[in-house]
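> only geometry, no sequence info:
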């Protein structure tokens, strides 16, 4: 009997160690130091690093190719790829970080930095690896500051992106409507299309982003500042919401009822909507880095996408454009082989061979040597670089990392829904949004 | 001696699973419900703060109402539909096993992404259902943008997965002694009378079981609002599990989410106890014997 109990206990112990073994996040500093030292002496030793990212098929393929090239160049370092789609990615990342099982090299979103590293100690300080990463030669401090908390470089921004309007030129040409250049052009274009066809499709969140851009341009103020303080007052919000109402009244974009009826939710995947693919919605408001998601399926249907940019009111001091890092790369604070991890990052961010393999899947890189390599290879062209140039040429006020907080996003969505469903007047909706954003910010920024 | 514990040893793997994946989260969620826990930082004790917060949270009430409406709509329809199919599949037809398998398939598919996309197409503006409605001369319905339309679309997805309920009904039907039907026929009872006076009473323990299981399932429904409507329009399909998920994994309020889960647990408990208590009035166990 004793034997049996011992056996069962041993089995239980084995399983529980197996479960907790990978969760040892609480490495003491001394452990970390010693592992860093050993990693130097063992640099020729076989090392395996985990690299996690989200994306879509072509991005996955490009990244896997870059990994293959890296492993050929550095045979002692193996990269284990862990990739998935965007939906639910943050849940997984959070559980992994909390459980101490996050990958060694992580692709992260800009607004995750305040979530995971409020004091700057949530990720490895990449300043310590500046030489391996060739930071000085390739990145200006203006961009590195996006990944810096308390003087610690938590992550390197890969590229910049922002929202701009894109139009389906084929449809505009079909109905002889010129591509809108001003806000008035945009508003009046709605009535130039036949019934059932709209110059743009705006889900609830897109609608808020475009309206916010408009209001920032008109007021010259950011919506929320870098410290998480709401800068807009109720009247400023009203400017944004009135603009959205105008878009709806002038049939520039379909009401959310129509969007919901077709896509199930008020923030649907635009490229899955049959009406969009048939050209009934002839424009969209999309990140420059993600324009291919909509432009590619249109191209397959022989429709051409062109940049619409952001209309600029004469006398406006800022464009109002949302401009932020597309995504960033970070190294796990508990990574045992930070130098090797940095070697890999350097390869995909700066090394011409790696950069060419990665292509423009994550947007036009910020790294100078990457831009050189892509220019030489003739790869730096297409809609994404064009949209990005527009954003560089039309600067705006700084965009707050708090803006995209998921709870705030649900408030934006709900406000736009209530306007579109005629549940609230613009004045009431502005009050609703102001109070709720204020309340939520006070909870998030502590 | 060894023999005495062999059985226990066999279930050790299951026990380990039970303790790690059920008891541990169960107890820790109760403790966490009294804390402010942002997942990556240490939990802070806040007493009943999370429970008090609920009463100031409009979304909590909206979500609760949506969940009740969903349950009221889904559970009876699911039971009736599953029972009807089970009755049909109880006939001695040629190739009946094939049909039984086919009717079980939707339950295997469940609420996955592909099915969610299919549902969006079915109930979409120009979806199959609206095409059919147009064909018979009725105006198309805006399913997803109206409260009951959207709830109904989600309900049908659950109803469509009637497989396991149906199989249990089918087993129950097979258990009803044939002589009772014969006796009813001799007494001159018609089909409908037989159904209500023989089938339903004898099936009542199965109905009771399925009712409880479906009720628990419906209260916990997450996949369909998450994948299809995302809680919209205007939070009308913002079912309770979706609210728990959002608070836990979108807003990182794990403490509040734990408190919400406990509220859901208590609601389900109350309903289950109520149904159990009521069962003495309407559930008939044939082995109790006597009164009929």
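Arrived safely, thanks for sending. Computed from a predicted model, the values in this text were never measured in an experiment.
> name the element the residue lying closest to residue B:230 once chain neighbours are set aside belongs to?
Spatially, and ignoring its direct neighbours in sequence, residue B:230 is nearest to residue A:265 (3.8 Å; CB to CB, 6 or more residues apart in numbering or on different chains). C-beta: built from backbone N, CA, C; applies to glycine. Assigned by DSSP states H and E, residue A:265 falls within no helix or strand.
> surely residue A:265 meets residue B:229?
Yes. Counting by CB atoms under 8 Å, residue B:229 is a contact partner of residue A:265 at 5.3 Å.
> hey, what's in contact with both of the two?
residue B:144 (CB atoms under 8 Å, 6 or more residues apart in numbering or on different chains).
> neighbour count winner among these two?
Neighbour count, other CB atoms under 10 Å in any protein chain shown: between residue A:265 and residue B:229, residue B:229 has more, with 30 against 25.
> the more buried one and residue B:116, how far apart?
Relative to residue B:116, residue B:229 is positioned 10 Å away (CB to CB, to the nearest Å).
> which residues do the two both contact?
residue A:264.
> let me see the contact set for residue A:383.
A:166, A:288, A:291-292, A:295, A:305, A:307.
> so how many other residues sit close to the residue nearest to residue A:232 when sequence neighbours are not counted?
Among residues not flanking residue A:232 along the chain, residue A:223 sits closest, at 5.0 Å (CB to CB, 6+ apart). Counted with other CB under 10 Å, the neighbours of residue A:223 add up to 25.
> show me the contacts for residue A:223.
Taking CB under 8 Å, 6+ apart as the test, what residue A:223 contacts is A:212, A:215-216, A:230-232, A:236, A:400, A:403.
> where does chain B have low pLDDT?
Filtered on pLDDT under 70, chain B yields the residue ranges B:1-2, B:111, B:286-292.
> let's check: the centremost residue of it is which one?
Closest residue to the average C-alpha location of chain B: residue B:217 at 2.7 Å, with CA atoms, centre = their mean.
> could you pull up phi and psi at that one?
Dihedral angles of residue B:217 (phi, psi; degrees, to the nearest 10) stand at phi -60, psi -50.
> contacting residues for it?
Residue B:217 makes contact with residue B:158, according to CB under 8 Å, 6+ apart.
> quick check: the gap between it and chain A.
Applying CB to the nearest CB, to the nearest Å, the value for residue B:217 to chain A is 22 Å.
> coming back round to it: quick check on the residue nearest to residue A:232: phi, psi?
When read as degrees, to the nearest 10, the backbone of residue A:223 gives phi -70, psi -50.
> cool, and the one 3 residues further on?
Here the main-chain torsion angles of residue A:226 (degrees, to the nearest 10) amount to phi -60, psi -20.
> can you give me the strands in the chain?
Since you didn't name a chain, this refers to chain A. A:47-54, A:77-84, A:105-108, A:148-149, A:152-153, A:155-168, A:283-287, A:305-309, A:323-331 (DSSP state E).
> actually it's chain B I care about, not the one you picked
B:35-36, B:44-45.
> need those in a markdown table (columns: mean neighbour count).
Shown next, in a markdown table, are those (neighbours: other CB atoms under 10 Å in any protein chain shown):
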| stretch | mean neighbour count |
| --- | --- |
| strand B:35-36 | 19 |
| strand B:44-45 | 12 |
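> looking at these, which is closest to residue B:243?
strand B:35-36 (17.7 Å; CB to CB).
> what's the closest one in contact with?
The contact list for strand B:35-36, computed with CB under 8 Å, 6+ apart, reads B:43-46, B:49-50, B:253, B:255.
> one more: stretch A:89-98?
Residues from elsewhere that reach stretch A:89-98 (CB under 8 Å, 6+ apart): A:52, A:54, A:84, A:102-103, A:106, A:108-109, A:112, A:115-116, A:122, B:39-40, B:249-250, B:252.
> then stretch B:192-202?
Applying CB under 8 Å, 6+ apart, the external contacts of stretch B:192-202 come out as B:87, B:172-173, B:175-176, B:180-181, B:184-185, B:189, B:207, B:284, B:286.
> these, buried ones only, as a ChimeraX selection?
Those of the contacts of stretch B:192-202 that count as buried under 16 or more other CB atoms under 10 Å in any protein chain shown are selected in ChimeraX with:
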select /B:87,172,173,176,180,184,189,207
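> nice, that's everything, thank you.
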